[in-house]
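Undergrad: Return a 3D structure for these sequence lines:
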Amino acid sequence: VELSPSRHVRANAALNEMLGKRDSLHALMTQGGMGSAKTVLTSGVKLVQGDLLAFSTANATVVWLASLCFSEAFMHKVALKLAREAPYLRTIASLSQFPEGVAGFALTAPTGDEEAA
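TA: As a prediction, this is how the structure comes out:
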């Protein structure tokens, strides 16, 4: 869920570009043991423009938060929302830590083994 209309348009354009390259992405993912990119990209990704706190996360399995500018109060509201209404949620990726964590989730930090970009 993206609040900014212009960022939502750019995200949809990027998704459509990936869909155009899905055969090469499919090969990369299946060779890496990740499953079918065609299935993931055509049926598993939904981009929505709106307010995260007003949007239902009941069917979410993965949530990505570009949260560097989010206040602690907002992060707390998001944590409560996800813990209460997202029973299928398996992964939360956030640029900022949740001040009090998210009930049912453990913090996983980088191991230090990652290559420098």
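Undergrad: average pLDDT across whichever strand or helix holds residue 80?
TA: Element membership for residue 80 (DSSP states H and E) is helix 72-85. The pLDDT scores in helix 72-85 average 96.
Undergrad: Please put the alpha-carbon coordinates of that helix into PDB.
TA: What follows is helix 72-85, C-alpha atoms only, in PDB (Å, rounded to 0.1, in the frame of the first residue of the first chain):
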ATOM      1  CA  GLU A  72       7.600   5.700  16.500                       C
ATOM      2  CA  ALA A  73       3.800   6.300  17.000                       C
ATOM      3  CA  PHE A  74       3.000   5.300  13.400                       C
ATOM      4  CA  MET A  75       5.300   2.200  13.600                       C
ATOM      5  CA  HIS A  76       3.500   1.200  16.800                       C
ATOM      6  CA  LYS A  77       0.100   1.500  15.000                       C
ATOM      7  CA  VAL A  78       1.400  -0.600  12.100                       C
ATOM      8  CA  ALA A  79       2.800  -3.200  14.400                       C
ATOM      9  CA  LEU A  80      -0.600  -3.500  16.200                       C
ATOM     10  CA  LYS A  81      -2.500  -3.700  12.900                       C
ATOM     11  CA  LEU A  82      -0.300  -6.400  11.500                       C
ATOM     12  CA  ALA A  83      -0.300  -8.500  14.700                       C
ATOM     13  CA  ARG A  84      -4.100  -8.200  14.900                       C
ATOM     14  CA  GLU A  85      -5.400  -8.600  11.400                       C
END
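Undergrad: And residue 106, how close does it get to residue 73?
TA: For residue 106, the distance to residue 73 equals 23 Å [CB to CB, to the nearest Å]. Just so you know, the C-beta spots here come from the backbone N, C-alpha and C atoms, and that holds for glycine as well.
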